[in-house]
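**Student:** any chance you could fold what I've pasted below:
(one chain, ligands or ions: 1)
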Amino acid sequence: MSGMSGRSAVEVVRRWRGPGDVVITTMGTARDWMAGPMTPLDVVLVPSSMGQATSLGLGIALAQPTRRVVVLNGDGSLLMNLGSLVTIAAAGADNLVVVVFANGVYEITGAQPVPGVGVVDWVAMAGAAGIRSAERIETLEAWEREAPRVLAGPGPTLVSLTIEPEAALAGVGPRSPGPAAARGRALREALTGG
Ligand SMILES: Cc1ncc(C[n+]2csc(CCOP(=O)(O)OP(=O)(O)O)c2C)c(N)n1
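**Tutor:** Here you go, the predicted structure:
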């Protein structure tokens, strides 16, 4: 494989996220995130309806303005909740970073093609929604180089990563890390200290 894999792109985020940052993962990014060390501020949105990660991220970012919130989202999932980009921009959540894993497929359900691949421009979409800090990163080398700036800079930010899907991961979904209510309580404690 020559392009950027989702797994390697996730590891770049793991390396550069700050200790107080919240990282929200879902679908393929959740699967890959759970393959490595986790912190209490890691929100694994599984099981879930598609599209909710950006809205959850916005809520946490507004509630905890001194923290950075990083959402690792699938392109299929973002298509399900495009309106959240407008809400994020309108709310001016300068501590929120949305990372779109643009792999062009619904990977965890079998790599069916996402509509609009090659036509939909996530950077333009973000800009049209009012998110001025938006960029596309196409190689792992560039992501490794730019991630510290992108993850720490003033937002709201959308970064679209051009991801090459791995055939071996088609249909391989994340396992839920446990009952949602207990995980929600643990997250609240981690966020508020009690
Ligand atoms: C509203 C909704 N429709 C369909 C599904 C079934 N489903 C679960 S994951 C998934 C594909 C997710 O694709 P994407 O967000 O691009 O992430 P990837 O699997 O590529 O990491 C689908 C269709 C769902 N969970 N929610």
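**Student:** T192 - how many residues pack around it?
**Tutor:** Counted with other CB atoms under 10 Å, residues neighbouring T192 total 9. The way it works is simple: take the backbone N, C-alpha and C, and place the C-beta from them, glycine included.
**Student:** need the residues of this structure near the ligand, please.
**Tutor:** 27-28, 49-50, 74-77, 80, 103, 105-109, 114 (CB under 6 Å from any ligand atom).
**Student:** swap the cut-off to 8 Å and go again
**Tutor:** 6, 26-29, 31, 47-51, 73-80, 101, 103, 105-109, 111-112, 114, 165, 173 (CB under 8 Å from any ligand atom).
**Student:** which among the residues you listed count as buried?
**Tutor:** Burial by neighbour count, 16 or more other CB atoms under 10 Å: within these this picks out 6, 26-29, 31, 48, 50-51, 73-80, 101, 103, 105-108, 111, 114, 165, 173.
**Student:** which of those fall in strands?
**Tutor:** Cross-referencing those against strands under DSSP state E gives N73, G74, F101, V105, Y106.
**Student:** number of residues surrounding E141?
**Tutor:** With other CB under 10 Å as criterion, E141 counts 10.
**Student:** one more: the one 4 residues further on?
**Tutor:** As a burial measure, R145 scores 13 neighbours (other CB under 10 Å).
**Student:** for the one 3 residues further on, same thing?
**Tutor:** The tally of other residues near P148 (other CB under 10 Å) stands at 12.
**Student:** just the pLDDT for the closest residue to it other than its chain neighbours.
**Tutor:** Nearest residue to P148 in three dimensions, chain neighbours excluded: W16, at 5.2 Å (CB to CB, 6 or more residues apart in numbering). W16 carries a pLDDT value of 97.
**Student:** wait, what's in contact with W16?
**Tutor:** Each residue near W16 by CB atoms under 8 Å, 6 or more residues apart in numbering is listed here: A147, P148, L151, A152.
**Student:** specify the beta-bridge partners of the residue nearest to W33 when sequence neighbours are not counted.
**Tutor:** Leaving aside its sequence neighbours, W33 sits nearest to T25 (CB to CB, 6+ apart; 4.2 Å). Beta-bridge partners of T25, counted by DSSP bridges, are V44, L72.
**Student:** that concludes my questions; thank you for your assistance.
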